[in-house]
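1. generate coordinates for the sequence data below:
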Amino acid sequence: MYDNLFKKVFRTGALSPVSPPAGDPVKPVLSCADIIILSILILTMSCRSGIKTGIKFDDDPALVKEAIKKLIPFGTTIEKAEGIMTENNFTCRLMKKSSFHDNEKIYHNIDFLYCDRSRGLIVSRRWQVAIVYTNEKVDDVYVSSGLTGP
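-> Numbering: from 1, shown residues only. Sure, this is the predicted structure:
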């Protein structure tokens, strides 16, 4: 019973720390070159993820703010806002009675959904967003943007 399962696993090219039985060689599905090419393609695509999102990523925080306000109009539930931001490759967490700086002003003692996203390799553009809410409904958006790196 286990011999048949063992043979099926190795015939499909699955990796295992256990050596195959003598006379039953492993036939890999992908060569090393295929794996390298596939890895490069996956890395390239992951760096470009989010291009087809509803948020236009710009160097100007005001333009990003307007794009977010179109996707998340005031009155939207904070739960729905978090889902939209997550779909746009932001990492989010709720902040209570905290502060946020939007490149112009510091806002103190506010409840907001803090969302963060970076794009780039050595030097990257970072967007930080505060989606302010009252009674679980969005009522303002603040955006900060800048470059990070060595």
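
2. which stretches of this structure form strands?
-> All strands of the chain, identified by DSSP state E, fall at 91-101, 106-120, 124-134, 137-148.

3. deepest of those, which one?
-> Scoring the strands of the chain by mean neighbour count under mean count of other Cβ atoms under 10 Å gives strand 124-134 as the most buried, with a mean of 20. For every residue, glycine as well, the C-beta is placed using N, CA and C.

4. tell me the confidence at residue 106?
-> Residue 106 is assigned a pLDDT of 95 by the prediction.

5. identify the residue spatially nearest to it, adjacent ones excluded.
-> In this structure, residue 106 finds its nearest non-sequential neighbour in residue 99, 5.9 Å apart by Cβ to Cβ, 6 or more residues apart in numbering.

6. cool, and residue 125?
-> Setting aside the residues directly before and after it, residue 125 is nearest to residue 119 in space (Cβ to Cβ, 6+ apart), at 5.5 Å.

7. flag every buried residue along stretch 78-88.
-> Of the residues in stretch 78-88, those scored as buried under the neighbour-count criterion (16 or more other Cβ atoms under 10 Å) are 78, 81, 82, 84, 85, 88.

8. quote the end-to-end distance of stretch 71-91.
-> Separation of the first and last residues of stretch 71-91 by Cα to Cα, to the nearest Å is 17 Å.

9. what comes into contact with that stretch?
-> 49-50, 53-55, 68, 92, 94, 113, 115-117, 127, 129, 131, 133, 136-141 (Cβ atoms under 8 Å, 6 or more residues apart in numbering).

10. any idea how far the closest residue to residue 137 other than its chain neighbours is from residue 149?
-> Once its chain neighbours are removed from consideration, residue 137 has its nearest residue in residue 75; the separation is 5.4 Å (Cβ to Cβ, 6+ apart). Separation of residue 75 from residue 149 (Cβ to Cβ, to the nearest Å): 38 Å.
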